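1. fold the stuff below for me.
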Amino acid sequence: MKKLLLLSLFGVALIATSCKEKANENAALTDAASEAATATGNSATSTANSGAQSISTENTSGKYPVMTFDKTEHDFGTIAQGTNVEHMFTFTNTGDAPLIISDAKGSCGCTVPTFTREPIQPGQKGELLVHFNGTGSNQRTISVNITTNTQRVTERVTIKAFVQPKEAN
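-> This next block holds a predicted model:
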């Protein structure tokens, strides 16, 4: 009986400790989201669903950045297979809030984008450099998805090339 009582008390202590650690972790996540949202002019809200913690940012000011590209598609024309090419996409923040790019990914591993990491103020320009390594053959169309704090959240540019296969020896 004593063993059962001691085991029960140990279990209760373990649960209480883990709940306190989870509360501290959730508070830290909420604080981090609040700091990030404050930097972009948004307010952070935290929601819990079935014990899972998810954090979202809501724009309460009604002001968003707008990512306006000079052009959203570039065609390299015909290139030899294995030829490395790159194109610089330029854009302007035509919105009312600082533009923040958090990520950019090509639709395949053959394309590597690099982008302006600093917030782009309204009216300022930014750049997105897209490298394509010339893999594959025939017509290639590759999109680059850009994760931002715009109202649309995801922006997209496209590159095209006709990759001429190497002749077999």
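
2. residues in contact with residue 130?
-> Neighbouring residues of residue 130 by Cβ atoms under 8 Å, 6 or more residues apart in numbering: 74, 86-89, 106, 111-113, 144, 157, 159. Every C-beta, even on glycine, is put in place using the N, C-alpha and C of the backbone.

3. that one pairs with what?
-> Applying DSSP bridges to residue 130 yields these beta-bridge partners: residue 87, residue 113.

4. and it, what's its pLDDT?
-> Per-residue confidence (pLDDT) for residue 130: 98.

5. try residue 155
-> For residue 155, the model assigns a pLDDT of 97.

6. what about it, helix or strand, and which?
-> Counting by DSSP states H and E, the element that carries residue 155 is strand 154-164.

7. mind listing what's buried in that strand?
-> 155, 157-159, 161, 163 (16 or more other Cβ atoms under 10 Å).

8. between the residues you listed, which is nearest residue 127?
-> Here the nearest of those to residue 127, counting by Cβ to Cβ, is residue 157; it sits at 11.6 Å.

9. OK, contacts around that closest one?
-> Counting by Cβ under 8 Å, 6+ apart, residue 157 touches 69, 72-74, 89, 128, 130, 143-144, 146.

10. now swap in residue 125 and tell me
-> Residue 125 neighbours (Cβ under 8 Å, 6+ apart): 90-93.

11. and for residue 103?
-> 146-147.

12. specify the local secondary structure of it.
-> Under DSSP: H, G, I helix; E, B strand; the rest coil, the three-state class of residue 103 is strand.

13. beta partners of it?
-> With DSSP bridges as the rule, residue 103 is bridged to residue 147.

14. how much space is there between it and residue 114?
-> Using Cβ to Cβ, to the nearest Å, residue 103 is found at 12 Å from residue 114.

15. got it, and residue 68?
-> 20 Å.

16. for the protein, name the helix or strand with the lowest mean pLDDT.
-> In the chain, no helix or strand scores lower on mean pLDDT, DSSP states H and E than strand 43-49, which sits at a mean of 33.

17. in helices, which of the contacts of residue 125 appear?
-> Here DSSP state H is the test, and these give no hits in helices at all.

18. reformat the residues you listed as CSV; add neighbour count and distance to residue 79.
-> Below are the contacts of residue 125 laid out as CSV (neighbours: other Cβ atoms under 10 Å; distance: Cβ to Cβ, whole Å):
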residue, neighbour count, distance to residue 79
90, 14, 22
91, 25, 25
92, 17, 29
93, 23, 32
